[in-house]
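*Asks:* I need the structure of the sequence given here:
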Amino acid sequence: MTAYSCAPRAHTRASGSSPDTTPRKSVFGSLIPELQKAVAADGYVTPTPIQEQCIPYLLEGRDLLGTAQTGTGKTAAFSLPLLQRLSKDSHRPKKGTPKALILAPTRELAAQIGESIGTYGRFLRLSHTVVFGGVNQCRQVTAMNNGVDILVATPGRLLDLIQQGFIHLNEVEVLILDEGDRMLDMGFIPDIKRIVAKVPTARQTLFFSATMAHNIVALANTMVRNPVRVTIRPDAPAVEVITQKVLFVGKKDKDALLISLLNDPRINKALIFTQMKHAANRVQKKLSAAGIQGASIHGNKSQAARTRALDGFKKGHYRVLVATDVAARGLDVDDISHVINYDLPVEAHTYIHRIGRTARAGSDGDAISFCCEEDRAYLREIERILGKPVPPEMGHAYHCDKAFRASKPVPRGFGMRGRRPSATERPIIYSGKKRRSRRN
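*Replies:* Residues are numbered from 1 along each chain as shown. Purely as a prediction, here's the structure:
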């Protein structure tokens, strides 16, 4: 199975015209030569904080409970020790029986993890494959029949293949669950419990999540034993290097404002967030009609369409990518110059996650947010989390003074507690329909 999309950036690139590609004295020095060579071959020399904290414990075989977000380097933090552990086993994997299982909530994240495994393990005689829904299972079944050391999977497709007898988990030595909070949000917890029940209890277990609410910790505690706890909080440093501003605008003028912004040649590569799937499609069509080349990704897109959109954005064929939060989860592209919040997120912490996709690898980045009159409660909560106001830009052609002067109290229970506003609080976004989880 060939992984696609971009491999997560796991380390800090060396600077200077002739960088030293030999890993400095760090946790990388505890890796076997093949892994050090793979890290150096990519020009990366400095471990990120999560790698510094996780790798020594994981090499000792400890269970781990990690709080870390996209872009912190957690994929390498668990991939490198996993590869080192499996490299010591000279036995070929049996048909349909992996030695390690990595669970991810979305197809894109699973594919990116698979690509990273391939990158870091390029000098080792280890095999891996990725299985997820939305595509024909034949190639995935063929790969499993050939035997793989490492299986990266989304829960739905994994259970399908287990039920068909193509995958057996009775020899899994290492179980890794990535983005546990997203698993919970997408309704995968029953599937996760069924999968974990099929894995030997004598195993190493790693559980990663961007947040650690009580229900997430309760789930993790059913899986890990005496875990090391690692918490990485990159939000504040990341936000400080991003130029943020809010543009107050009437709802009917948002498209025109977006088009006027994107006509600025300084916006080299923009990631635009909408709250709903249909809005992502509509915005992308509006931009296309205005001569702005772009693509959109969301959960209703076919896997082939999502792959084309992501690859096109990564390679520069598209200057603009319009996305929903779920579809963009795990997206990690180094050269995004601007993040534009066409719709403000309901959850304040989602704002942090969104804008953190710019200003990567020491580059500059801009985050622009549109705020309508009914969005003021969400902006207020975002500013509370940031600890300061988002600077407004008042001079644009579509400024809405009514939105600027709107004063609406934050709904009781909003923000940190994670309650969704009612239909009357934000009728444009929430229609009262139940959100159904999608099996990946």
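
*Asks:* for this protein, what are the low-confidence residue spans?
*Replies:* Within the chain, the stretches with pLDDT under 70 are 1-25, 42-44, 70-71, 233-238, 329-330, 361-362, 407-440.

*Asks:* tell me the domain boundaries of it?
*Replies:* Recorded structural domains for the chain (assignment: automatic domain parsing) are 11-231, 235-405.

*Asks:* Include mean neighbour count when you put those into a markdown table, please.
*Replies:* C-beta: built from backbone N, CA, C; applies to glycine. Conversion of the domains of the chain to a markdown table gives the following (neighbours: other CB atoms under 10 Å):
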| stretch | mean neighbour count |
| --- | --- |
| domain 11-231 | 19 |
| domain 235-405 | 18 |
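
*Asks:* these two touch, right, I267 and H338?
*Replies:* Yes: using CB atoms under 8 Å, I267 is in contact with H338, at 5.0 Å.

*Asks:* hmm, who's touching stretch 276-288?
*Replies:* Defining contact as CB atoms under 8 Å, 6 or more residues apart in numbering, one finds that stretch 276-288 is touched by 255, 258-259, 262, 272, 274, 294-300, 320, 322-324, 327, 342-343, 429.

*Asks:* Next step: those restricted to helices.
*Replies:* Counted as lying in helices by DSSP state H, out of the contacts of stretch 276-288, are D255, L258, I259, L262, A327.

*Asks:* Between all of those, which two are separated the most?
*Replies:* I259 and A327 (22.2 Å; CB to CB).

*Asks:* what's near enough to touch V27?
*Replies:* So V27 contacts P47, Q51, E52, I55, P56 (CB under 8 Å, 6+ apart).

*Asks:* In this structure the second one contacts F78, no?
*Replies:* This means Q51. No: with contacts counted by CB under 8 Å, Q51 stays clear of F78, the gap being 9.4 Å.

*Asks:* would CSV of the contacts of V27 with distance to T205 be doable?
*Replies:* Listed next are these as CSV, based on distance: CB to CB, whole Å:
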residue, distance to T205
P47, 23
Q51, 19
E52, 21
I55, 16
P56, 17
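
*Asks:* where do the strands sit along the stretch 51-200 of the chain?
*Replies:* Listed in chain order, the strands of the stretch 51-200 of the chain (DSSP state E, counting those that start in this stretch) span residues 64-67, 100-103, 128-131, 150-153, 174-177.

*Asks:* Within the sheet, what are the partner strands of the last one, with directions?
*Replies:* Just to be clear, that refers to strand 174-177. strand 100-103 (parallel), strand 204-209 (parallel) (DSSP bridges).

*Asks:* now the first one
*Replies:* For strand 64-67, sheet partners with direction are given as strand 204-209 (parallel), strand 228-231 (parallel), following DSSP bridges.

*Asks:* So the closest residue in space to R122 that isn't next to it in sequence, which state does it fall into?
*Replies:* Closest residue to R122 apart from its sequence neighbours, by CB to CB, 6 or more residues apart in numbering: A38 at 5.4 Å. Here A38 is recorded as helix under DSSP: H, G, I helix; E, B strand; the rest coil.

*Asks:* Select from the contacts of stretch 276-288 every entry located in strands.
*Replies:* Residues from the contacts of stretch 276-288 lying in strands, with DSSP state E as the criterion: I272, G294, A295, S296, I297, V320, V322, A323.

*Asks:* What is the nearest of those residues to K245?
*Replies:* Nearest to K245 among the ones in strands among the contacts of stretch 276-288, with distances taken as CB to CB, is I272, at 15.3 Å.

*Asks:* In contact with the closest one: list those residues for me.
*Replies:* Here I272 is in contact with L258, V283, G294, V320, L321, V322, A323, V339, I340, Y342 (CB under 8 Å, 6+ apart).

*Asks:* how close does the last one get to D364?
*Replies:* Distance check for Y342 against D364: by CB to CB, to the nearest Å, it reads 21 Å.

*Asks:* Check the gap between L386 and L379 for me.
*Replies:* 10 Å.

*Asks:* what do you get for F273?
*Replies:* 14 Å.

*Asks:* again, but for E240
*Replies:* For E240 relative to L379 (CB to CB), the value is 19 Å.

*Asks:* Can you say which of the strands of the stretch 51-200 of the chain is nearest to E115?
*Replies:* Among the strands of the stretch 51-200 of the chain, strand 128-131 comes nearest to E115, with 8.5 Å by CB to CB.

*Asks:* which strands and helices sit next to that closest one?
*Replies:* Here strand 128-131 touches helix 107-120, helix 138-146, strand 150-153, helix 155-163, going by 3 or more CB pairs under 8 Å, 6 or more residues apart in numbering; DSSP states H and E.

*Asks:* JSON lines please, covering the ones you listed and showing distance to H396.
*Replies:* Listed next are these as JSON lines, based on distance: least, CB to CB, whole Å:
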{"stretch": "helix 107-120", "distance to H396": "33"}
{"stretch": "helix 138-146", "distance to H396": "49"}
{"stretch": "strand 150-153", "distance to H396": "44"}
{"stretch": "helix 155-163", "distance to H396": "44"}
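
*Asks:* check contacts around the spatially closest residue to V390 that is not a sequence neighbour.
*Replies:* Leaving aside its chain neighbours, V390 sits nearest to V246 (4.5 Å; criterion: CB to CB, 6+ apart). V246 makes contacts with I368, S369, F370, C371, L379, V390, P391, P392, E393, as judged by CB under 8 Å, 6+ apart.

*Asks:* make it 10 Å
*Replies:* Each residue near V246 by CB atoms under 10 Å, 6 or more residues apart in numbering is listed here: 341, 344, 367-371, 375, 379, 382-383, 389-393, 403-404.

*Asks:* Phi and psi next, for it.
*Replies:* Main-chain dihedrals, V246, degrees, to the nearest 10: phi -120, psi 140.

*Asks:* Likewise for the one 3 residues further on?
*Replies:* Here is the backbone geometry of V249 (degrees, to the nearest 10): phi -150, psi 150.
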